[in-house]
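Visitor: Mind looking at a prediction? Sequence and model below.
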Protein chains: 2
Amino acid sequence: MTIYLERQQWLQNEMRKRGWSGFLVTHNVDIYYYCGSMQTGYLFIPTEGEAVYLVRRSLVRAEAEAAVAVEALGSLKTLGERLRARCAGAGVDAAAGETPLRIGTELDVLPVQLYVRLQTALPGAVWEDGSLLVREQRMIKSPDEVAAIRAAARVADGALEAVIPHIREGMAEFELMALIEHQLRLRGHQGLMRMRAYNSELITGMVASGASAAVPTYFDGPAGGTGLHPSSPQSSGRTLLRHGDPILVDIGCTIDGYLIDQTRTFVIGALDPELQRAYDVAEEVLRATEARLQPGVIAEHLYLLALDQVQEAGLSAHFMGYGADQVKFLGHGIGLEIDELPVLAKGFKTPLAPGMVIAIEPKFTFPGRGVVGVEDTYLITEGGFEKLTVSREGLRRI
Amino acid sequence: MTIYLERQQWLQNEMRKRGWSGFLVTHNVDIYYYCGSMQTGYLFIPTEGEAVYLVRRSLVRAEAEAAVAVEALGSLKTLGERLRARCAGAGVDAAAGETPLRIGTELDVLPVQLYVRLQTALPGAVWEDGSLLVREQRMIKSPDEVAAIRAAARVADGALEAVIPHIREGMAEFELMALIEHQLRLRGHQGLMRMRAYNSELITGMVASGASAAVPTYFDGPAGGTGLHPSSPQSSGRTLLRHGDPILVDIGCTIDGYLIDQTRTFVIGALDPELQRAYDVAEEVLRATEARLQPGVIAEHLYLLALDQVQEAGLSAHFMGYGADQVKFLGHGIGLEIDELPVLAKGFKTPLAPGMVIAIEPKFTFPGRGVVGVEDTYLITEGGFEKLTVSREGLRRI
């Protein structure tokens, strides 16, 4: 049985419990997760019976890639009867068409306009929000997924080590970022890093230094970065790397669809003692978090423990951003997208479980001075955790 | 008056005609278009009165960037009364709250989950799909927008010229792409190229050679590319550049938020005569299109004329893809996003007008052999057009 069929069966089992007729997977990343192909179309997984991938383009390519039956999408007008026929096994009378279909889909990403078209194509169908279900399933990674993330971690490390000899005073943030991206791409980074949340976008990560790193952004992360323009208000800008400024290098890449995320702090010369101490506290937070990183621990507890530790260190005001722009989390799930579950944040009562992959990123922001911190990506295992990122830790002095 | 206020007033005028109370702009790109900032939040433009930018984060940064009043977003629960208060001037009684608000928003991109939250926050409001209105407004570029696109064209050209000396046999597509991206980033490319359509994504463009370029993709464009993996099934892959293979270099970049798009065909050595002829026909199609490129011409006519020209040349089967994977357009609007209006395709009855910026890309696909073609980006002017791309044309021999 392929991993894709296993995933479909898990979803079918959940849909059976809920009395759904099937799941219309519309989002490219989710389609890939359930069938191994990402062509344009819809993947329909009936609760009973076999999935079908209805493809607009490229049909040829979907047939070569997908682990399910592939059919041409054709007109949306025929979609209703085709899905109904697929659900016939689930007690829906295909001919009479009297029982309304209950169809799950990803309402967290599906645009309203397309939803209305689908509603029109399937009159009488009841639509259920299956976003959380998919996101919760995707939270637990298979060995193949972990292998891809491990490969991405090696690529990120290789790229980082390759550029370190080139870091020098007077270089602009974006120049260092361009070098890193080049090295990542040469090592197989796919060039895109996907985020799920509306309006969210990601530019490989960031090189941000000194005061510029502490400039807050629209990005839902602890560090900011000026970016190059208000139309791209995050990540590396034109600030020049200066002696003594912390240089935050928060980078990731994508290998075989899967992302890695890591942060290292660099300095040309030495950090001033207050920032050096904050960096040390960041590593201490990471160590303390690691000490509790095992199945059964509640996600939010790790965040709350970090808050306590940071308060004892007198650094609460600087933790994960500053002032109104502090973000309220310590880490995030990562896989095909960078904003996966679980989130290490208040309100996330999920117990950690083997197979989860989580990026943990304690950072401290000092307005006008910079951001220091560290980030590693971890796999939760039966016995605790395995660190997937391989770049060596410690403040890196140039 | 700022350009942002002018844009708001244009929209207000259209809303007045439609009897709408206001527009809740939710999409990051549209928010930027109307106020010059792209922080996380909503921009509300009442039909009468002044716009307000309700920002979640970063408030500080929105205040520094935006050409409108900025307020903290706060709880969505208060959104209804705040918008109602802003609409008071439009004949809506803020206190009584009896007249239902009619609010436009971008239903082509807004996810259902968020839409439902907004509906809950504004009980009784009537929602209108304002997607087309915004996209039609954005179709006509201001001089500042054209200046950014011109700058992007120079960056694309500079990057291309810088990498040409490095093109050699045996180099992988992705290696050449990585070189181009590096040069683009060093020249100020923001690193992201935005697309509006659901599930659409873009990796700088592509270097694709020989048979690999003819492999169809999910991407809604005439050429394909294997990509690096089924999870990223477009653009450059691991195919090595070979003597005599056409090398399609379709690249873009983003400067000050605005995109350029251009394609040049390279060959190491010489193309076989059939592909060379197809390349020549592509340039002839571009010349014939240019000859009619002026205000008043109907967008679809340019596509239909190209179809005729291609048929006369006996190349219909190869035009803009092959077989089931042919795409049905000749060009597309471009600006803050790569998939803007107008589209040069059947059914697009829009007359061309000064200020439109359109990428025109006649290409021919030969399965197993490659893709040849050319693409330039044009500004429609009062007197005809101005070509914005500056890279020299002609098949480029290495």
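Guide: Good, I have the coordinates.
Visitor: drop to CA atoms for contacts and neighbour counts, all remaining ones
Guide: Fine.
Visitor: Restricting to C-alpha, output stretch A:49-61 in PDB.
Guide: What follows is stretch A:49-61, C-alpha atoms only, in PDB (Å, rounded to 0.1, in the frame of the first residue of the first chain):
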ATOM      1  CA  GLY A  49     -14.300   3.700  -2.500                       C
ATOM      2  CA  GLU A  50     -11.400   5.000  -4.500                       C
ATOM      3  CA  ALA A  51     -10.100   8.500  -4.900                       C
ATOM      4  CA  VAL A  52     -10.100  10.200  -8.300                       C
ATOM      5  CA  TYR A  53      -7.900  13.100  -9.400                       C
ATOM      6  CA  LEU A  54      -9.800  15.400 -11.800                       C
ATOM      7  CA  VAL A  55      -7.200  17.300 -13.700                       C
ATOM      8  CA  ARG A  56      -7.300  20.400 -15.800                       C
ATOM      9  CA  ARG A  57      -3.600  20.400 -16.600                       C
ATOM     10  CA  SER A  58      -1.400  18.700 -17.100                       C
ATOM     11  CA  LEU A  59      -3.400  15.500 -17.400                       C
ATOM     12  CA  VAL A  60      -0.400  13.700 -18.900                       C
ATOM     13  CA  ARG A  61       1.800  14.700 -16.100                       C
END
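Visitor: Average pLDDT for it, rounded please.
Guide: The predicted model assigns stretch A:49-61 a mean pLDDT of 94.
Visitor: What of stretch A:16-33?
Guide: 98.
Visitor: does any bit of that stretch sit next to chain B?
Guide: Yes - Stretch A:16-33 lies within reach of chain B by Cα under 8 Å from any Cα of the partner chain, at A:H27, A:N28, A:V29, A:Y32.
Visitor: What's the local residue count around the second one?
Guide: Put plainly, it is A:N28. 20 (other Cα atoms under 10 Å in any protein chain shown).
Visitor: ok, it touching A:M38?
Guide: Yes - between A:N28 and A:M38 there is a contact under Cα atoms under 8 Å: 5.6 Å.
Visitor: Selection in ChimeraX covering whichever of the residues of stretch A:16-33 next to chain B are buried, please.
Guide: Applied in ChimeraX, the following selects the buried portion of those according to 16 or more other Cα atoms under 10 Å in any protein chain shown:
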select /A:27,28,29,32
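Visitor: Return the subset of the residues of stretch A:16-33 next to chain B lying in helices.
Guide: Per DSSP state H, helices hold the following members of the residues of stretch A:16-33 next to chain B: A:N28, A:V29, A:Y32.
Visitor: ok, so of those residues, who is nearest chain B?
Guide: The nearest member of these to chain B, counting by Cα to the nearest Cα, is A:N28 at 5.7 Å.
Visitor: how close does the closest one sit to B:F219?
Guide: 12 Å (Cα to Cα, to the nearest Å).
Visitor: A:A62 now?
Guide: Separation of A:A62 from B:F219 (Cα to Cα): 13 Å.
Visitor: Which one's more surrounded, the two?
Guide: A:A62 (29 against 21).
Visitor: what sits against the more buried one?
Guide: When contacts are counted by Cα atoms under 8 Å, 6 or more residues apart in numbering or on different chains, A:A62 touches A:S37, A:M38, A:Q39, A:V55, A:V70.
Visitor: if you go through the stretch 201-350 of chain A in chain order, where are the strands?
Guide: For the stretch 201-350 of chain A, applying DSSP state E, counting those that start in this stretch gives strands covering A:205-209, A:246-255, A:258-267, A:331-333, A:340-344.
Visitor: close enough to count as contact, A:V215 and A:G224?
Guide: Yes - assessed by Cα under 8 Å, A:V215 is found in contact with A:G224 at 5.3 Å.
Visitor: Quick one: mean pLDDT over stretch A:328-346.
Guide: Rounded mean pLDDT across stretch A:328-346 is 97.
Visitor: Name the residues of that stretch that come out as buried.
Guide: Of the residues in stretch A:328-346, A:328-345 count as buried by neighbour count, 16+ other Cα under 10 Å.
Visitor: Okay, and the beta partners of A:G22?
Guide: Bridge pairing for A:G22 (DSSP bridges) gives the partners A:P46, A:I103.
Visitor: I'd like to know how many residues surround it.
Guide: For A:G22, using other Cα under 10 Å, the count is 28.
Visitor: what does the stretch 51-200 of chain A have sitting close to chain B?
Guide: Neighbours of chain B within the stretch 51-200 of chain A, by Cα under 8 Å from any Cα: A:57-58, A:60-61, A:65, A:107-115, A:174-175, A:178-179, A:181-182, A:185-186, A:188, A:190-192, A:198-199.
Visitor: Return the subset of those lying in helices.
Guide: Of these, the ones assigned to helices by DSSP H are A:60-61, A:65, A:112-115, A:174-175, A:178-179, A:181-182, A:185-186.
Visitor: who touches the helix or strand harbouring A:M15?
Guide: Here A:M15 is covered by helix A:3-18, with elements defined by DSSP states H and E. Outside helix A:3-18, the residues that touch it by Cα under 8 Å, 6+ apart are A:21-22, A:33-36, A:45-48, A:51, A:67, A:134, A:137.
Visitor: Return the two entries of those that lie farthest from one another.
Guide: Farthest pair in those (Cα to Cα) is A:S21 and A:G36. Separation: 22.6 Å.
Visitor: between those two, which one's more packed in?
Guide: The neighbour count for A:S21 versus A:G36, taken as other Cα under 10 Å, is higher for A:S21 (29 against 19).
Visitor: got the contact list for that one?
Guide: The contact partners of A:S21, by Cα under 8 Å, 6+ apart, come to A:M15, A:P46, A:T47, A:E48, A:C87, A:A90, A:L101, A:R102, A:I103.
Visitor: make it 10 Å
Guide: A:12, A:15, A:45-48, A:83-84, A:86-92, A:100-104, A:125-126 (Cα atoms under 10 Å, 6 or more residues apart in numbering or on different chains).
Visitor: same question, A:A208
Guide: Residues near A:A208 by Cα under 10 Å, 6+ apart: A:172-174, A:176-177, A:214-215, A:223-227, A:234-241, A:245-250, A:265, A:370-371.
Visitor: now with 6 Å?
Guide: With contact taken as Cα atoms under 6 Å, 6 or more residues apart in numbering or on different chains, A:A208 is in contact with A:G225, A:S236, A:I247, A:L248.
Visitor: excluding its backbone neighbours, what's nearest the residue of the stretch 51-200 of chain A found nearest chain B?
Guide: Across the stretch 51-200 of chain A, the shortest distance to chain B (Cα to the nearest Cα) belongs to A:P111, at 4.2 Å. Once flanking residues are discounted, A:P111 sits nearest to B:P111: 4.2 Å by Cα to Cα, 6 or more residues apart in numbering or on different chains.
Visitor: Tell me how many other residues crowd that neighbour.
Guide: 23.
Visitor: Settle this for me: it is touching A:L110, isn't it.
Guide: Yes - between B:P111 and A:L110 there is a contact at 5.0 Å, judged by Cα atoms under 6 Å.
Visitor: what touches both of those two?
Guide: Shared contacts of B:P111 and A:L110 (Cα under 6 Å, 6+ apart): none.
Visitor: Return the member of the residues of stretch A:16-33 next to chain B nearest to A:G158.
Guide: A:V29 (26.6 Å).
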